[in-house]
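Undergrad: below are the sequence and a predicted model; questions follow.
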Amino acid sequence: MKIFYAVQATGNGHISRAMTLMPHLQKWGTVDVFLSGNNSHLAAQLPVRFRSRGISLYYNNTGGLNYSKIAFQRNPLALMKEIKELPVGQYDLVINDFDFLTSVACRLQRVPSVHFGHQASFRYTETPRPAQRQWHGELLLKDYVQATHHIGLHFKKYHPSIFGAIIKEEILQAAPSEQSHITVYLPALSDQTLLRLLSPVTDQFFEIFSKETRSLTRKGNLLFRPIEQQAFNRSLIHCSGIICGAGFETPAEALQLGKKILAIPIKGQYEQYCNAAALDQLGVMTISSTESVQTQHIRRWLDQGKTLHLDYSQSIQEALEYLFSVATTRQPSAPIIGQPVCAP
């Protein structure tokens, strides 16, 4: 089986998930990756056959989507030329992790596809939303990618077509401990803001992963670290809790490890508001947005926050078995035989 796997290259989450999934997908056939976008800082250790600037998602200084930059980043004629040249029709299966170009190419060429990833979960009304919905946020999450099937990933199985998070093997196999530090990953906030927010909590040591810091910097009870994946994994595995945004991958890894979480959605990011609503339902402490967080919130969480453990160890097997059971070839009436090339 020939598999076309489109991966959105905005941020690191999509690429990280693709790297985790790749050895499992390759049991079902030959996989060619289409990397679409140019707004990621993670090296894609993937079998990339096609690349494009794609349609990257950009954010403004407050963390919200920069719609004008998104809309005017590409020449429409050049973009349409790329779309028409995508060889999706040459593959037995097209898997799309939130890429607009692949979505349009499949529609133009009448090729079935599977939208697979966290954003696909928002096609279903059962997926948690915040009390105040945003029409433009809903439009982006639900209609940015069109597909024959939508298979979502989320914190819980809110719908039969939604599965648990895809977790890196390093996290799944880890032996977590509870050391004295709190891990902090809030790239939307400046180092100065984090210093002002956390330094008054003098009885707690914070290990902060910062996009501004280039070397280890100690400031009282705060240690600022450059963002580096292995160092972050170690810090998360052995922390007593984590303060992070309300994205998907980092809170899911913390849930897998049974860590106490304080989730703070980035102001203006509707997807994070949705994730925060889901985490709140699970019993995870959340704050309304990065703009409203105060030192008193940190103290209350340290005193009252609770740990929660969810097991995502079977998510890959369950999600891929379902994907291959519902996916279709170019002829919608001819289902793909759900058998891997070698035994999983």
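TA: Cool, the structure landed. Numbering: from 1, shown residues only.
Undergrad: only C-alpha atoms for contact and neighbour calcs from this point on.
TA: OK.
Undergrad: output the below-cut-off pLDDT ranges for the stretch 201-344 of the chain.
TA: Scanning the stretch 201-344 of the chain with the threshold set as pLDDT under 70 gives 328-344.
Undergrad: which stretches in it count as helices?
TA: Counting by DSSP state H, counting those that start in this stretch, residue ranges of the helices within the stretch 201-344 of the chain are 229-238, 249-257, 270-282, 295-304, 315-326.
Undergrad: could you dump these into CSV and include mean neighbour count and distance to Ile83?
TA: What follows is the helices of the stretch 201-344 of the chain, written out as CSV (neighbours: other Cα atoms under 10 Å; distance: least, Cα to Cα, whole Å):
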stretch, mean neighbour count, distance to Ile83
helix 229-238, 17, 33
helix 249-257, 23, 29
helix 270-282, 22, 26
helix 295-304, 14, 47
helix 315-326, 17, 24
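Undergrad: pLDDT score assigned to Leu42?
TA: Model confidence at Leu42, expressed as pLDDT, equals 55.
Undergrad: does Ser36 belong to a helix or a strand, and which?
TA: When secondary structure is defined by DSSP states H and E, Ser36 falls within strand 30-39.
Undergrad: distance between that strand and the chain's centre?
TA: Averaging C-alpha coordinates over strand 30-39 and over its chain gives two centres that are 16 Å apart (Cα atoms, centre = their mean, to the nearest Å).
Undergrad: ditto for stretch 144-159
TA: Centre to centre, stretch against its chain (Cα atoms, centre = their mean), the figure for stretch 144-159 is 13 Å.
Undergrad: just the terminal-to-terminal distance for it.
TA: From its first residue to its last, stretch 144-159 covers 20 Å (Cα to Cα, to the nearest Å).
Undergrad: what comes up buried for that stretch?
TA: Along stretch 144-159, the positions that meet the burial threshold by neighbour count (16 or more other Cα atoms under 10 Å) are 144-158.
Undergrad: closest to Pro87 among these?
TA: When these are ranked by distance to Pro87 (Cα to Cα), Ala147 comes first, at 16.3 Å.
Undergrad: now do the closest residue to that closest one other than its chain neighbours: how many residues are near it, please.
TA: The spatial neighbour of Ala147 that comes closest, neighbours along the chain excluded (Cα to Cα, 6 or more residues apart in numbering), is Ser113 at 5.3 Å. Each residue near Ser113 was counted by other Cα atoms under 10 Å, and the total is 27.
Undergrad: tell me if I'm right that Ser113 and Val326 touch.
TA: No: Ser113 is not in contact with Val326 according to Cα atoms under 8 Å; the separation is 10.5 Å.
Undergrad: show me the domain layout of this structure.
TA: Under the assignment automatic domain parsing, the domains of the chain span 2-166+313-326, 169-304.
Undergrad: can you give me the pLDDT of the residue nearest to Leu25 when sequence neighbours are not counted?
TA: When the adjacent residues along the chain are set aside, Leu25 lies closest to Val31, with 7.2 Å between them (Cα to Cα, 6+ apart). At Val31, the pLDDT value in this model is 97.
Undergrad: is Val31 in a bridge, and if so with what?
TA: The residues paired with Val31 through beta bridges, assigned by DSSP bridges, are Ile3.
Undergrad: what separation is there between it and Lys211?
TA: Val31 sits 33 Å away from Lys211 when distances are taken as Cα to Cα.
Undergrad: higher neighbour count, the two?
TA: Of the pair Val31 and Lys211, Val31 is the one with more neighbours under other Cα under 10 Å, namely 23 against 18.
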